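Novice: Next one to model:
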Amino acid sequence: YHMNHYRYPREMALWIWILSILSYSCISYALRLKKLDIYQSKTELSHLAVNHDTGTVYLGAVNALHQLTKDLKPSIDEVITGPHLDNKKCTPPIEESQCSDKQMTDNYNKLLLVDTQEKRIVVCGSLFRGICSIRELENISNRTYYETGSGEKSFVASNDENVATVGLITSLKKGRMIFVGKGNGANDNGVIISTRQLFNGDGREIFELYADPAAIKSAYPYSSSQQFLYIFEDNKFVYFIFNQNERQATINRTLIGRLCKEDE
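Specialist: From the prediction side, this is the model:
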């Protein structure tokens, strides 16, 4: 009896020791099999977008765009987007006669929106007053639309690297549209929330304002600043979530704005 009393704990301890070794071996083997996929950008990353049909990953960074496979392997060479000669106060195109104090300026990615329906991706940067381009979804190095001479009507994103811009692409009766929310930086055009068309028509160009933004613009005076956090759609409405800071009263509030998609 006494022999059995001491033998069982020793046998149990031996089994626990064996199971511990087996468990450690299994975990180590699993970790060796599960190698983490890593991609490192040379510059700071701003946005990530995914084509859920193919798993392709798109990255918007300072002065660069990246297109990766679902395993985070580069599928094309890095696309260089900056720096370029610019000045936040100047209206593009940047010319010596009208912008003498231009300098090499970094391009911060402000919007990176996948449009799988039209097989394209919308890219907006901080350069040239926040204008945008359209690129092929399968190869973002191929730029299919880019116009620097359309004036203020084409200034989509904030040209302030510290002011956030949010956006989404959706369908309205007349075609594909992009809804944009952005804070009002020191050199921005004052348009806080806007609807812009992604097609030429109705006497307007791509990225031009589809609806008059005056009411939205006047609702947020220059006495306050906004930082947009998120945008989403639900049925016939688009919602914007943003922080608003009253500069004089130092009051920071989180607000939600709602815009009817078909408002004109």
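Novice: start to end distance for stretch 80-91?
Specialist: 22 Å (Cα to Cα, to the nearest Å).
Novice: So which helix or strand of this structure has the lowest pLDDT on average?
Specialist: helix 2-33 (a mean of 50; mean pLDDT, DSSP states H and E).
Novice: After it, which helix or strand is next?
Specialist: strand 45-51 (DSSP states H and E).
Novice: for that next one, what is the average pLDDT?
Specialist: Average pLDDT, strand 45-51: 94.
Novice: mind checking the end-to-end distance for stretch 71-89?
Specialist: 41 Å.
Novice: What residues of it count as buried?
Specialist: 75, 78-79, 81-82, 84, 86-88 (16 or more other Cβ atoms under 10 Å). The way it works is simple: take the backbone N, C-alpha and C, and place the C-beta from them, glycine included.
Novice: In TSV, list those residues along with secondary structure, distance to residue 252 and pLDDT.
Specialist: Shown next, in TSV, are the buried residues of stretch 71-89 (DSSP: H, G, I helix; E, B strand; the rest coil; distance: Cβ to Cβ, whole Å; pLDDT from 0 to 100):
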residue	secondary structure	distance to residue 252	pLDDT
75	coil	42	91
78	coil	38	93
79	strand	37	95
81	coil	32	95
82	coil	32	90
84	strand	34	94
86	strand	31	92
87	coil	31	91
88	coil	25	90
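Novice: Between all of those residues, which two are separated the most?
Specialist: 75 and 87 (35.0 Å; Cβ to Cβ).
Novice: ok so, going back, for residue 245, state which of the buried residues of stretch 71-89 is nearest.
Specialist: residue 88 (20.7 Å).
Novice: Helix, strand or coil: sort out the closest residue to the closest one other than its chain neighbours for me.
Specialist: Distance criterion Cβ to Cβ, 6 or more residues apart in numbering; nearest residue to residue 88, sequence neighbours excluded, is residue 187 at 4.2 Å. The three-state label given to residue 187 by DSSP: H, G, I helix; E, B strand; the rest coil is coil.
Novice: hang on, isn't residue 187 packed against residue 161?
Specialist: No: judged on Cβ atoms under 8 Å, residue 187 makes no contact with residue 161 at a distance of 11.6 Å.
Novice: ok, which stretches of the stretch 101-250 of the chain are strands?
Specialist: 103-105, 109-115, 120-125, 132-136, 143-146, 165-172, 175-182, 193-197, 224-234, 237-246 (DSSP state E, counting those that start in this stretch).
Novice: Buried deepest among the ones you listed, which one?
Specialist: Counting by mean count of other Cβ atoms under 10 Å, strand 120-125 has the highest mean neighbour count of those, with a mean of 26.
Novice: Which elements pack onto that one?
Specialist: strand 109-115, strand 132-136, strand 165-172 (3 or more Cβ pairs under 8 Å, 6 or more residues apart in numbering; DSSP states H and E).
Novice: Report the mean confidence score over stretch 94-103.
Specialist: 84.
Novice: repeat for stretch 119-127
Specialist: 96.
Novice: From residue 83, how far off is residue 162?
Specialist: Separation of residue 162 from residue 83 (Cβ to Cβ, to the nearest Å): 17 Å.
Novice: wait, residue 173
Specialist: 41 Å.
Novice: Kindly report the same for residue 122.
Specialist: Residue 122 is 21 Å from residue 83, by Cβ to Cβ.
Novice: what does residue 118 give?
Specialist: 30 Å.
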